[in-house]
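Undergrad: no FASTA, just this:
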Ligand SMILES: [Mn+2]
Ligand SMILES: [Mn+2]
Ligand SMILES: [Mn+2]
Ligand SMILES: [Mn+2]
């Protein structure tokens, strides 16, 4: 379409509107607006186009014609704002493509498979708020009946948290050979984080071992959002108790180990605060409300339960995910 | 200023222009445009403002008046583009502030002091091309006479390279206790990098130990840009020999150790390819040209030599640094 | 002030989009919205109705007067039983729509309105609810 | 077509800015630029002259016809001996100017023109040279 065609199309809309065709030409105007934007017609060119199209309708008084010169001058400033969109967008896209690569690297650090041990069913949903996650989780299978898991939240989100996450992964990997229990591992990680991270940053974590022979979960907690224990017999949720300073707060922190045993149908739900941290309208979501959501989804396979909760909570906050979201569900079958 | 004042100011510009005041009201219009933008007046509001101001000048024909309704509809689409600027801008600035934090974290991973051993003088310049560096270096002092050093370059620059660098740091830290020589360390790091990094990424590195009792440097090389050995007695530069695959290329790569002994006045220069990789006008800088620059700066303290070379090379490429730049100078005094 | 009122328009053709815009614009005028806001409301209805027309084939636009805390506003509900939006977070990002991200689209609609609610189930349909309050700070014409 | 021509305006007052704009607009018209491009050229001169007026106190705007490879264009040179720009990379970033980054500013000028050169030495002064070619693809009015 040439500029002349646009001018004629514009004049036709003006004529139709003048002839009382009402809303239809106004709708046409909106569609024309989209076309003009898609063709990169600048605001000042639009002001000019308007003036020219008007001339096709009839004699335009001189003072009206002159007024478009003033409008054009003003519109040039708007045009400069408009042209800057492309520059903002391309700068942003440059960074985003770097982040996409970094985010793929980060994904590669996470376990690609969930543990599969007899009698326990594992589900996981972990979604970053932005492209890069500051939540961390890990599963390590020791043998066919025992696995370890970690769930952690690094202060903040985005790139800095992601950098920190990759450190954490290596620190944990380095521990591989040593024979430490959950409390010992947290003690060791606390020293690593304390030594290497900015004092303003810290990490909350639950580290635990599951033994599917006896269905016992032995864990330690470092300042982390408490998980939930679902007792099938009572159809009730309990907080998963645990205390201990977050990693990186103070050197030499120690951690206590706790144990729970799962009966058939019992569930363990571990999560990061991104699960609970959401605004619903103008109010903040409460932990008690979460329990009622959990209650509604209990009894299905672990992965199904994790998926359903994610979708229900996302809808609740209208698809805004202000923080990284991670939930691990262990369910004794 | 109220909307009414704006309308009056606008009408005055229209009147002045109509009365033949020419360029002055047009200049005024541009300034008004800036004011309107600063006040977040949207394009559709501007179209409306224009129509109202025009009414103040005299009787506006009905078809002209009606035409502003069409203009407003079109302008709403422009208004939506305009409103998206703020969203692009804030997303971009958000990322930039994250990068600033991540870059500070990265700095904290680098050694804060150079080794000081009797009889050997150490200099270092390391400057990232962007905010985050993909070059890595480390110094570890073992005792008063012995230290280790690493210099490495991760494929690419920016955020992904920086993430990889933080892994490398932890992988090396984790080795701390083990008693491996330079070749053993590279062999171990190769496996770590190979296992954890995307196949398209790799790392080149020189790892070495300096023993200031005997002034012997024992090192191994993984696909890294060769360093230089300056022999004072001959006043000549030699390439620092070394072979071995870059880290992350193939599992199980092995590395060979080599040794050089420094006589008084001899220098070792280790570097990344960012030192040589520069365009001078339309030609690329050659390694032989670098030797002549090195030759010109030999004989001063190690740090002074590193500084001078950095500034001379930066001037040569008109202050453009296309790649991360790292140079380590060891000089036997 | 008239009694609280509401109207529903079935969307199946482009002419229905025009009808819905017209009704919305008139209701906005009757509620005392300024001319620019009338046009923004018509644009919003247009975007929601076009989404129905283009992606779901058919659906409804429901426009009603609302009151809350002594404020008066207009609520627009667009509903269809179409294929739904697969990635809702993406649909709310600038630059997602085919026009290269300039112009209205859902993020543009959200910025023009005071309240915005989107719900979509793949295979089941989509519902968008927006509210524009009269005299809300920044909501009317500039003054 | 007239002979190649040029004019210089000393900038010390706001009235000088208007004069420079007027001369630039006239020259652009004589060279056959369309009305919108005439206005963009006037805006460019305005921005460069205002930077001189606001930050250097005084300086000059030099406007001349240029030819290269059988193309005809207008070159504007703004020069002052003011304090200079401390951080040139920042000055070329959108959002640096006081107006909150919307409107012209140096990045806006760069986008409106075909060629742009900035040179500034702190304590010595600043020189900006821009060129707009006639009939350059996308350079004239839309067609
Ligand atoms: Mn976090
Ligand atoms: Mn969190
Ligand atoms: Mn590199
Ligand atoms: Mn390099």
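TA: Noted; the coordinates are in hand. Nothing here was measured: the structure is a model prediction, and the numbers come from that model. Ligands and ions are numbered 1, 2, ... in the order given.

Undergrad: So for stretch A:187-200, mean pLDDT?
TA: On average, the pLDDT along stretch A:187-200 is 83.

Undergrad: ok, that stretch near chain B or not?
TA: Yes - against chain B, stretch A:187-200 shows contacts by Cβ under 8 Å from any Cβ of the partner chain at A:196-198. Glycine gets a C-beta too; all of them are placed from N, C-alpha and C.

Undergrad: For these, pick the one with the most neighbours.
TA: Within these, residue A:197 tops the neighbour count with 23 neighbours, counted by other Cβ atoms under 10 Å in any protein chain shown.

Undergrad: Could you find the closest non-adjacent residue to that residue?
TA: Nearest residue to residue A:197 in three dimensions, chain neighbours excluded: residue A:248, at 5.2 Å (Cβ to Cβ, 6 or more residues apart in numbering or on different chains).

Undergrad: Then residue A:290?
TA: For residue A:290, ignoring the flanking residues on the chain, the nearest one in space by Cβ to Cβ, 6+ apart is residue A:276 at 5.7 Å.

Undergrad: Check the one you found and give its pLDDT.
TA: 86.

Undergrad: thinking again about what came up before, so who does the residue nearest to residue A:197 touch?
TA: Taking Cβ atoms under 8 Å, 6 or more residues apart in numbering or on different chains as the contact definition, residue A:248 lies against A:190, A:193-194, A:197, A:199, A:201-203.

Undergrad: among the residues you listed, which are in strands?
TA: residue A:203 (DSSP state E).

Undergrad: Weed out the non-buried ones from the contacts of residue A:248.
TA: Buried subset of these (neighbour count, 16 or more other Cβ atoms under 10 Å in any protein chain shown): A:190, A:193-194, A:197, A:201-203.

Undergrad: can you pull the contacts of the residue nearest to residue A:332 when sequence neighbours are not counted?
TA: Nearest non-adjacent residue to residue A:332, counting by Cβ to Cβ, 6+ apart: residue A:262, 4.0 Å away. Residue A:262 makes contact with A:120, A:215-217, A:268, A:330, A:332 under the criterion Cβ under 8 Å, 6+ apart.

Undergrad: that older thread, which one of the residues of stretch A:187-200 next to chain B is nearest residue B:155?
TA: Using Cβ to Cβ, residue A:196 is the member of the residues of stretch A:187-200 next to chain B that lies nearest residue B:155, at 24.1 Å.

Undergrad: so that closest one sits right up against residue B:108, yeah?
TA: Yes - Residue A:196 lies in contact with residue B:108 (Cβ atoms under 8 Å); the separation is 7.4 Å.

Undergrad: Could you tell me which residues touch both of these two?
TA: Common contact partners of residue A:196 and residue B:108 (Cβ under 8 Å, 6+ apart): none.

Undergrad: confidence score at residue C:99?
TA: For residue C:99, pLDDT reads 42.

Undergrad: Does residue A:150 belong to a helix, a strand or coil?
TA: strand (DSSP: H, G, I helix; E, B strand; the rest coil).

Undergrad: who does it bridge with?
TA: residue A:138, residue A:207 (DSSP bridges).

Undergrad: Remind me which helix or strand residue A:8 belongs to.
TA: helix A:3-18 (DSSP states H and E).

Undergrad: Only the buried residues of whichever helix or strand comes after that helix, if you could.
TA: Next along the chain after helix A:3-18, taking DSSP H and E as the criterion, comes helix A:23-38. The neighbour-count check on helix A:23-38 (16+ other Cβ under 10 Å) flags A:23-37 as buried.

Undergrad: residues making contact with helix A:23-38?
TA: Helix A:23-38 has contacts (Cβ under 8 Å, 6+ apart) with A:6, A:9-10, A:13-14, A:16-17, A:46, A:49, B:69-70, B:73-78, B:81, C:17-19, C:21-22, C:25, C:39, C:42-43, C:46, C:99-100, C:102-104.

Undergrad: Show me how to select, in PyMOL, the buried members of the residues you listed.
TA: A single PyMOL command suffices to select whichever of the contacts of helix A:23-38 are buried according to 16+ other Cβ under 10 Å:
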select buried, (chain A and resi 6+9+10+13+14+16+17+46+49) or (chain B and resi 69+70+73+74+75+76+77+78+81) or (chain C and resi 17+18+19+21+22+25+39+42+43+46+99+102+103+104)
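
Undergrad: Mind checking which of the contacts of helix A:23-38 are in helices?
TA: A:6, A:9-10, A:13-14, A:16-17, A:46, A:49, B:69-70, B:73-78, B:81, C:17-19, C:21-22, C:25, C:39, C:42-43, C:46 (DSSP state H).

Undergrad: isn't residue A:69 right next to residue B:18, touching?
TA: No - in this structure residue A:69 lies outside contact range of residue B:18 using Cβ under 8 Å: 10.1 Å.

Undergrad: dump the residue contacts of residue C:61.
TA: Contacts for residue C:61 (Cβ under 8 Å, 6+ apart) come out as C:8-9, C:11, C:20, C:24, C:45, C:48-49, C:52, C:76-78.
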